[in-house]
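Participant: Provided below are the primary sequence and the corresponding predicted coordinates.
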Number of protein chains: 2
Amino acid sequence: MASSEIEALTQALARLPGLGPRSARRAVLHLMKKRETALDPLLRALSAVSERLATCHVCGNVDTTDPCAICADPRRDGRALCVVEEVADLWALDRARLFPGRFHVLGGRLSALEGVRPEDLRIDALVARVADGGVDEVVLAMNATLEGQTTAHYIAERLERFPVRLTQLAHGLPVGGELDYLDEGTLAQALRARRPVA
Amino acid sequence: MASSEIEALTQALARLPGLGPRSARRAVLHLMKKRETALDPLLRALSAVSERLATCHVCGNVDTTDPCAICADPRRDGRALCVVEEVADLWALDRARLFPGRFHVLGGRLSALEGVRPEDLRIDALVARVADGGVDEVVLAMNATLEGQTTAHYIAERLERFPVRLTQLAHGLPVGGELDYLDEGTLAQALRARRPVA
């Protein structure tokens, strides 16, 4: 029934993370029924992003400017650098507005299984940024996975000859986490890193 | 952190049914990282639909042509007319490809609570279509809700002076439905409409 244009739009939406064929159809219907309030604003926003889309040559973030808004922001503390695997991690950390420094996106994690080697990631660019000076602390904010921690370990080795403080995110109970439901690895980490009651 | 263009795109996506602020951000990130395979195809599909968007003056469907593809299809049996509340219902029924006839979208349901009266729906247009002749059967495919059934009842009264067969969708157990989990209303309908074992 659906015309080829509607079919193409449904398929394009269905490929977005979080949407499947069924919800994509619902979304298309919504867009077509609400032209002024849904379809046209989405079209305008998408055009604007498409026109200006850029990858930041400094940190690897995606934004509508290069350097990105974070790298260009003079209020950001350039002495602290937070290294993350993916742009999504940068966005997640930045959303919380807890880190006042700058970021560095690796573009993945080392993986023997997937054949990802150091030269496939933006590790040389990170070392160069640190070598340029002005950085006091590098936060290794990799995922708490085997590959993430392997990547953090490798980067720590590459950076140990520089006079920077290397830190990593704390591991332990997530907020709201119930002991009963947590895996043994997390419990072990939380117990090992236990602190005196303030 | 996000530029105003990214923020606008996130908000436009977050207003789609099935996406919230969190999944919209993930979708935006996906679009920005996959320009050729995600962002550009979506932009093209959205532009194409936006340019051709039309409401069918015959049946009330939304499509990229007027009359819509269903009303324009000569293979469709114009003698059977399926009346539905919303365009979404038309799409759901048509997706199943079980109904070979044409459709009529009311654009809602009668509701004293929400102040929806007969003249707010496309009921006169339906009566006119039936009065024009050529229709043998009208399937009242309203939702199995109080308001849906009230609407079906009202339409049945409006159409009783025409020589058409009025039918409605069967009520009963949904496929895969377990008696234990079904409401009493459905069970009562299924029992009342019980059939001899074939």
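Facilitator: Cool, got the structure.
Participant: longest strand anywhere in chain A?
Facilitator: The residue-count maximum for a strand in chain A (DSSP state E) belongs to strand A:77-84.
Participant: apart from its chain neighbours, what residue comes closest to the residue nearest the centre of chain A?
Facilitator: Against the mean C-alpha coordinate of chain A, by Cα atoms, centre = their mean, the closest residue is residue A:89 at 2.1 Å. Distance criterion Cβ to Cβ, 6 or more residues apart in numbering or on different chains; nearest residue to residue A:89, sequence neighbours excluded, is residue A:141 at 6.7 Å. Yep, even glycine has a C-beta here, placed from its N, CA and C like the rest.
Participant: hang on, that neighbour packs against residue A:168?
Facilitator: Yes - assessed by Cβ atoms under 8 Å, residue A:141 is found in contact with residue A:168 at 7.2 Å.
Participant: the more surrounded of these two?
Facilitator: A direct count of neighbours by other Cβ atoms under 10 Å in any protein chain shown for residue A:141 and residue A:168 places residue A:141 higher, at 21 against 17.
Participant: relative to residue A:188, how far out is that one?
Facilitator: Counting by Cβ to Cβ, to the nearest Å, the separation of residue A:141 from residue A:188 is 21 Å.
Participant: how about residue A:96?
Facilitator: Noted for residue A:96: a distance of 26 Å to residue A:188, by Cβ to Cβ.
Participant: those two: which has the busier surroundings?
Facilitator: Neighbours per residue, other Cβ under 10 Å: of residue A:96 and residue A:188, the larger number sits with residue A:188, 11 against 7.
Participant: I'd assumed the more buried one was in a helix, is it?
Facilitator: Yes - applying DSSP: H, G, I helix; E, B strand; the rest coil, one finds residue A:188 inside a helix.
Participant: just to revisit the earlier point, any idea of the pLDDT on the residue nearest to residue A:89?
Facilitator: At residue A:141, the model reports a pLDDT of 91.
Participant: next up, the contacts around it.
Facilitator: A:82, A:83, A:84, A:89, A:93, A:168, A:169 (Cβ atoms under 8 Å, 6 or more residues apart in numbering or on different chains).
Participant: mind giving me a markdown table with those and columns for pLDDT?
Facilitator: Shown next, in a markdown table, are the contacts of residue A:141 (pLDDT from 0 to 100):
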| residue | pLDDT |
| --- | --- |
| A:82 | 94 |
| A:83 | 95 |
| A:84 | 94 |
| A:89 | 90 |
| A:93 | 86 |
| A:168 | 88 |
| A:169 | 86 |
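Participant: tell me what the helix or strand bottoming out on mean pLDDT in chain A is packed against?
Facilitator: When the helices and strands of chain A are compared on mean pLDDT, DSSP states H and E, helix A:184-192 comes out lowest with a mean of 82. Contact partners of helix A:184-192 among helices and strands, from 3 or more Cβ pairs under 8 Å, 6 or more residues apart in numbering or on different chains; DSSP states H and E: none.
Participant: give me the residues contacting it.
Facilitator: By Cβ under 8 Å, 6+ apart, helix A:184-192 touches A:171, A:172, A:173, A:174, A:177, A:179, A:182.
Participant: tell me the strands beside the longest strand of chain A, with direction?
Facilitator: strand A:101-105 (parallel), strand A:137-140 (parallel) (DSSP bridges).
Participant: so which residues make contact with the longest one?
Facilitator: The reference is to strand A:101-105. A:59-61, A:70-71, A:76-87, A:89-90, A:93-94, A:122, A:125-126, A:129, A:137, A:139.
Participant: output that strand as PDB, nothing but the C-alphas.
Facilitator: Below are the C-alpha coordinates for strand A:101-105, written out as PDB (Å, rounded to 0.1, in the frame of the first residue of the first chain):
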ATOM      1  CA  GLY A 101      38.100  19.400  31.200                       C
ATOM      2  CA  ARG A 102      38.500  18.300  27.600                       C
ATOM      3  CA  PHE A 103      38.000  15.000  25.900                       C
ATOM      4  CA  HIS A 104      39.700  12.600  23.600                       C
ATOM      5  CA  VAL A 105      37.800  10.000  21.600                       C
END
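Participant: next one: it to chain centre, how far?
Facilitator: 10 Å (Cα atoms, centre = their mean, to the nearest Å).
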